[in-house]
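Asker: Dropping the sequence and predicted coords here.
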Amino acid sequence: MIANNGNESKGDDNEEYETTDRRRRMAFLDSLLSEHFRNSEFTEEDIREEVDTFMFEGHDTTSMAISWTLHLIGLNPDIQDKCHQELDAVLNASADDWVGERRMISMNELREMKYLEACIKEALRLYPSVPFVGRHLNEDTTINGYAVPAGVTCLVFLYQVHRDPQCFPQPEVYRPERFLDNSHMTRHPFAFVPFSAGARNCIGQKFALLEEKTILATILRNYTIKSLDHTDVIKIAPELVIRPKTPIRMQFTPRL
Ligand code: HEM
């Protein structure tokens, strides 16, 4: 068993954004342009491809993950209560960071939102934004006793991997506590891989979680949400990103 599934190896390091020496960090597009001017083999077409990849990988994935998390929290009032309690405790602890009418959420506060993070992970377990990943085999291998020859493309169906009852008892139940109790310490490192694993895992995973937390915290601190349809009636479209075939209907009531 491998102790680390590689998921922590890539992505933004939060600490770097909070560095006090204010080292200059290049924006993504600046990095691509500077590489283009340094190395003429890295063409404008290559820049465009990189930008396309980030736009596709970075937008649809996160927006769908936020939608499914809202849907699941909106079906579970007890879970939503815990989110509200956590947000009230974290955000009322200090009264600073106001910009005009808006109270900004700091990096430290995002880190303290452990329950919200568990809600996001549990939603990614049930609805991994990227439901399957593909790999081209360069050499023969054996999987579960079956010989798989080099040259074939293997698809790993993350949607199903995340529903293994041995790792996640009652797999269809939305239970964020799975990511808070000790069970996640003993679980197989590849049992939960919404960002894939290994050398080509998601480069934006830490950013994605921060983005999701920021948006969900902003919604939930201000609203009580209710899902108008049960999960059973929402059909999933078989696409590269897991999305509902019909709109997810929700009701938002301002919190007093
Ligand atoms: C909830 C949000 C997200 C999920 C679930 C997700 C999931 C994934 C998965 C499963 C892969 C691997 C595909 C494979 O193994 O073939 C991947 C790759 C990638 N992701 Fe994400 N992603 C998310 C957000 C983001 C964001 C916000 C960005 C950028 C800002 C991003 C950038 C990328 C890139 C560039 C790759 C390709 C990495 C490579 O090939 O080395 N993703 N993502």
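Answerer: Done, it's in.

Asker: show me what contacts the closest residue to S196 other than its chain neighbours?
Answerer: Using C-beta to C-beta, 6 or more residues apart in numbering and skipping the chain neighbours, the partner closest in space to S196 is V133 (5.1 Å). C-betas here are computed from N, CA, C, even on glycine. Contact analysis of V133 by C-beta atoms under 8 Å, 6 or more residues apart in numbering lists L155, V156, L158, S196.

Asker: how near is V133 to Q80?
Answerer: Separation of V133 from Q80 (C-beta to C-beta, to the nearest Å): 32 Å.

Asker: what about the residue of the stretch 101-250 of the chain at minimum distance from the ligand, neighbour count?
Answerer: Of all residues in the stretch 101-250 of the chain, G204 sits closest to the ligand, at 2.2 Å by C-beta to the nearest ligand atom. Residues near G204, counting by other C-beta atoms under 10 Å, number 18.

Asker: Next: T43.
Answerer: Residue neighbour count, defined by other C-beta under 10 Å, stands at 11 for T43.

Asker: what sits against E112?
Answerer: Applying C-beta under 8 Å, 6+ apart, the residues near E112 are V90.

Asker: Over to it: give its phi and psi.
Answerer: The phi/psi pair for E112 (degrees, to the nearest 10) reads phi -80, psi -10.

Asker: which one is R249 nearest to, not counting chain neighbours?
Answerer: R249 sits nearest to L228 (C-beta to C-beta, 6+ apart), 4.0 Å away.

Asker: my guess is that neighbour contacts T246, does it?
Answerer: No - using C-beta atoms under 8 Å, L228 is not in contact with T246, being 11.4 Å away.

Asker: so which strand or helix has I73?
Answerer: Per DSSP states H and E, I73 falls inside helix 44-75.

Asker: What residues of that helix count as buried?
Answerer: For helix 44-75, the neighbour count (16 or more other C-beta atoms under 10 Å) marks 50, 57-58, 60-62, 64-75 as buried.
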